[in-house]
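sequence first, then the predicted structure:
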Amino acid sequence: MATAPGRILLFEDDEGQGILTKDALEKEGFVVEVCKTGHEGLDKLFQQAYQACLIDMQLPDIKGTDILRRINTIRPGTLCVIVTGHGDEIMAVEAMKLGAADYVVKSPYMGHLAALPLVLREGLERMDLRGERAQLQTELWEHARLLEERNAELRRVNEELKRIDQLKSDLVSMVSHELRTPLATIKEWTAILTDQIGGPVNDKQREYLTIIKTNVDRLARIIDDLLDMAKIEAGRVILNKGFTDVGPLLEHVMQSLGPLAKGKQVSLEIESQEEWPAVFADADKVTQILLNLVSNAIKFTPSGGRVAVGLEQVAHEVQFNVTDSGIGIAEQDLPKLFEKFQQIQRAPGQTGGHGTGLGLAISKRLVELHGGRIWVISQEGRGSTFAFTLPKYNVEEVFRESLKGSLERAKHQQSRLSLIVVTLENFQELKSLHGLDETSHLLKEIELLLRDTVRRRAGDIVVRWQRGEMVVILAEVDKLGAQAIAARIKEQVQHRAFALAGVPVTPDLSITTATYPDEALTDEELLKVLERGPQGAAAKTRIMVIDDEPKLRQFLKEILELREYEVLTAENGPDALQQLKRQKVHLILLDLMMPVMDGYEVYHLLKENPETRDVPVIIVTARGERKDRQLGIDSAPYNYLAKPFQTEDLMLKVREVLRRHAANAGTR
Amino acid sequence: MHRVLVVEDEPELLQALMVRLTACGYACSAARNGIEGLAKAQEERPDLIVADLLMPEMGGAEMIRRLAAEQATASIPVIVLTAVPLKQAGHVQAARVLPKPFDSQALVDAMREILNPNAAGGPSNG
């Protein structure tokens, strides 16, 4: 054990006391050496280490405090316990300051001798612990140092990888430059000959020159494709996604490839559409994909054949179909069609020039970069259809996309990003009074105010989005900044006169913010601010859904729970009333047409019962049923929701009714 | 007759361009890098410059910047012929950028359009 008694050096000038002390300690298993003067003791310490020193502070030659100082220099870490006479406690304190572990006051009858072994043992034990701790500390430091080294190593490797990456991209662009320059020279001299600038050329020679030109062009295309492929594989292709109208895109393809088709006597058609859809994509890249697929189709279709480009709209995607009446593809060739350098021999003696073997592989990667799919259906001798999908354009997607991008950048630059959501709470009310256009205009005004305020805080606005009754802005401001902006907006709105069509209105705003990385780390987490609704109060709100139709009941329950409302359901009136006896709710969604007890009856029962009288009710009816409200439901129009409704309509209605109810309750 | 300065470091391509443009009725002079090009442009005040981008001594981009900085040469239009990707060449202040290998016809058409803006596409009457 660490506390095994050890060698003790005793500084004691009084011989009798020395012997007694030595005896007392040796009885307890310590080994004790006695020295009568300070010098003698220090000499011993020079020669060897002791586990502890027991020092009488009143030595003839050296002051006790000086002995402590010397021990600290000669043998740091030695346990020192001092022995003082009565009344010398001040000296004891002095000694403790110099690192003495403890002190013992001499008693005239040597009673302190009994305490000494205990004091020493305890001191040694403490020192062992301290030693262990010191060792742990050292290990910890060592560990930290290793980690730091490892970090430095990683940084070095990272730098090296970056350098190699740069080297590779330099190499690729160098190679492309070095290849294109001689190609340009060959092409130009060939053209000079063909154009007979160097003298007359006969028909045979002209034919040969055409072969040179065709191959120069092919080589140039291969270089382009190789560069494209290298860029895609290095992850260096950055899509410039945006609102992309499909109509002009197809027109461009038609213009570019019309002559090729005509030259081969292949009819090229674009199936017309009543309304061209828009995709969320990089227009240049989509053009590249289409040019590739359509030129392939023309290439593999014999003259007299037909190539058609058609569109289908499926859910959130637009599907492009490039169909040809060409030679088709053998079944065994289909799986490897989209791989690199797969030149499928489609038919013996096929004409129309060669591809680069990369066109389809590039198209596939480009489609996939957009989050789409590409595939082919083909039958040998009957023709092929190459199809690919691209996501349809929608504002939310654009917003999410740029939100993701901004987060990546913020992560990289270690900067802050805040999502600020301003909700016009009385949007519905204003809309029903002044119309959608006017109300949207008001929202626009609020958006401008918000943008101005953000800019005044020197925050760059990354993206903005007007979403129903909300204005959403992503700005480069930190949490405090976002909160300050929210406060400033509220203040400004209060002091500003708003009017719709000349009628003064008071916009009722609620503002929520979420900041990266303080409150949210991912785009999904940030966007929760939108779902939580105003003030995040929804969490505590309980809603009862009364509907006999199980599917609709389940649907309502799910979408309300998604918004963090608590939801109770009842399939008919009696069931609902039964449950309401046990549990209070804040809002009731009531279907009018129900068996057992119809909605009117349930409504009246709810209003007669003092427990439920004040609970607001939203009446869900099929369109056209609203006339029936003369049947005694004296409810304001905003308490109706007509089926079929959009999820967002329902959420707006729920929030609106809850808000109004809260406001009324406040004034009562 | 329009005077055209061709700046290109690849001698055989430079020669080809001279042959082609002379045949098209232009009075041509040649330079083999940006420094030469700059000197000739200041001395000869050509109507148009056809220039490469990557050249020793001084590249096309720097030459164009310096041309633009001098009042005497600022208004000379430049057609850039380059083997570097168009996106990288995009920031150069040029009247036109043609990727190498270029199409002679496209080059000649571009020159005519710039030199005879009123008779675009018509034959040069140099």
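Looks like it arrived, so ask away.

what residue is smack in the middle of chain B?
Centroid-nearest residue in chain B, with C-alpha atoms, centre = their mean: residue B:50, separated by 0.9 Å.

alpha carbons only: can I get the helix or strand containing residue A:32 in PDB?
For residue A:32, the enclosing helix or strand under DSSP states H and E is strand A:31-35. Extracted in PDB, the C-alpha atoms of strand A:31-35 (Å, rounded to 0.1, in the frame of the first residue of the first chain):
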ATOM      1  CA  VAL A  31      12.400   4.400  10.000                       C
ATOM      2  CA  VAL A  32      13.700   7.600  11.600                       C
ATOM      3  CA  GLU A  33      17.100   9.400  11.400                       C
ATOM      4  CA  VAL A  34      17.700  12.300  13.800                       C
ATOM      5  CA  CYS A  35      19.800  15.300  13.100                       C
END
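
what comes up buried for stretch A:497-515?
Under the neighbour-count criterion of 16 or more other C-beta atoms under 10 Å in any protein chain shown, stretch A:497-515 has A:500, A:505, A:507-515 buried. C-beta: built from backbone N, CA, C; applies to glycine.

what are the contacting residues of the helix or strand hosting the residue nearest to the centre of chain B?
Assigned by DSSP H and E, residue B:50 falls within strand B:48-52. With C-beta atoms under 8 Å, 6 or more residues apart in numbering or on different chains as the test, strand B:48-52 has contacts from B:2-10, B:17, B:21, B:37, B:41, B:60, B:63-64, B:67, B:76-82, B:107, B:111, B:114-115.

take those residues and keep only those in strands.
With strands taken from DSSP state E, the overlap with these comprises B:3-7, B:78-82.

would CSV of the residues you listed with distance to chain A and pLDDT be doable?
Shown next, in CSV, are the ones in strands among the contacts of strand B:48-52 (distance: C-beta to the nearest C-beta, whole Å; pLDDT from 0 to 100):
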residue, distance to chain A, pLDDT
B:3, 20, 95
B:4, 15, 96
B:5, 18, 96
B:6, 12, 96
B:7, 14, 96
B:78, 18, 94
B:79, 14, 94
B:80, 13, 93
B:81, 7, 92
B:82, 9, 88
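
tell me where chain B has helices.
For chain B, the helices defined by DSSP state H occupy B:11-23, B:34-44, B:60-69, B:86-89, B:104-115.

is chain A contacted by the first one?
Yes: judged by C-beta under 8 Å from any C-beta of the partner chain, helix B:11-23 comes into contact with chain A at B:12-13, B:16-17, B:19-20, B:23.

tell me which parts of the stretch 101-250 of chain A are close to chain B?
Going by C-beta under 8 Å from any C-beta, the residues of the stretch 101-250 of chain A near chain B are A:173, A:176-177, A:179-189, A:191-192, A:195, A:197-198, A:216-217, A:220, A:227.

so where does residue A:124 fall, helix or strand?
Counting by DSSP H and E, residue A:124 is part of helix A:112-194.

so which elements touch the helix or strand just after that helix?
Going down the chain from helix A:112-194, the next helix or strand is helix A:203-233, by DSSP H and E. Here helix A:203-233 touches helix A:112-194, helix A:359-369, going by 3 or more C-beta pairs under 8 Å, 6 or more residues apart in numbering or on different chains; DSSP states H and E.

right, and the helix or strand after helix A:203-233?
Assigned by DSSP H and E, the successor of helix A:203-233 is strand A:242-245.

model confidence over that following strand, on average?
The average pLDDT within strand A:242-245 is 76.

low-confidence ranges in chain B?
Counting by pLDDT under 70, chain B contains low-confidence ranges at B:85-91, B:119-126.

50 instead, please
Applying pLDDT under 50 to chain B flags residues B:120-126.

return the residues of it in contact with chain A.
When proximity is defined as C-beta under 8 Å from any C-beta, chain B approaches chain A at B:10, B:12-13, B:16-17, B:19-20, B:23, B:54, B:81, B:83-85, B:88, B:99-102, B:104.

can I get stretch A:552-565 in CSV, CA atoms only?
In CSV, the C-alpha atoms belonging to stretch A:552-565 read as follows (Å, rounded to 0.1, in the frame of the first residue of the first chain):
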residue,chain,number,x,y,z
LEU,A,552,-61.0,12.0,-42.3
ARG,A,553,-60.9,11.8,-38.5
GLN,A,554,-57.5,10.1,-38.7
PHE,A,555,-56.2,12.6,-41.3
LEU,A,556,-57.2,15.6,-39.2
LYS,A,557,-55.6,14.0,-36.1
GLU,A,558,-52.4,13.4,-38.0
ILE,A,559,-52.0,16.9,-39.5
LEU,A,560,-52.9,18.6,-36.2
GLU,A,561,-50.5,16.4,-34.3
LEU,A,562,-47.8,17.3,-36.8
ARG,A,563,-48.3,20.9,-35.7
GLU,A,564,-47.9,19.8,-32.1
TYR,A,565,-51.5,20.1,-31.1
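
any idea how far stretch A:510-528 is from the chain center?
10 Å (C-alpha atoms, centre = their mean, to the nearest Å).

what lies in contact with it?
A:400, A:403-404, A:407, A:410-411, A:416-423, A:425, A:478-479, A:482-483, A:485-486, A:489-490, A:529, A:532, A:534-536.

how about stretch A:26-37?
By C-beta under 8 Å, 6+ apart, stretch A:26-37 touches A:4-13, A:15, A:18-19, A:21-22, A:25, A:41, A:44, A:50, A:59-62, A:117, A:120-121.

swap the cut-off to 7 Å and go again
A:5-13, A:18, A:22, A:25, A:41, A:44, A:59-61, A:117, A:120 (C-beta atoms under 7 Å, 6 or more residues apart in numbering or on different chains).
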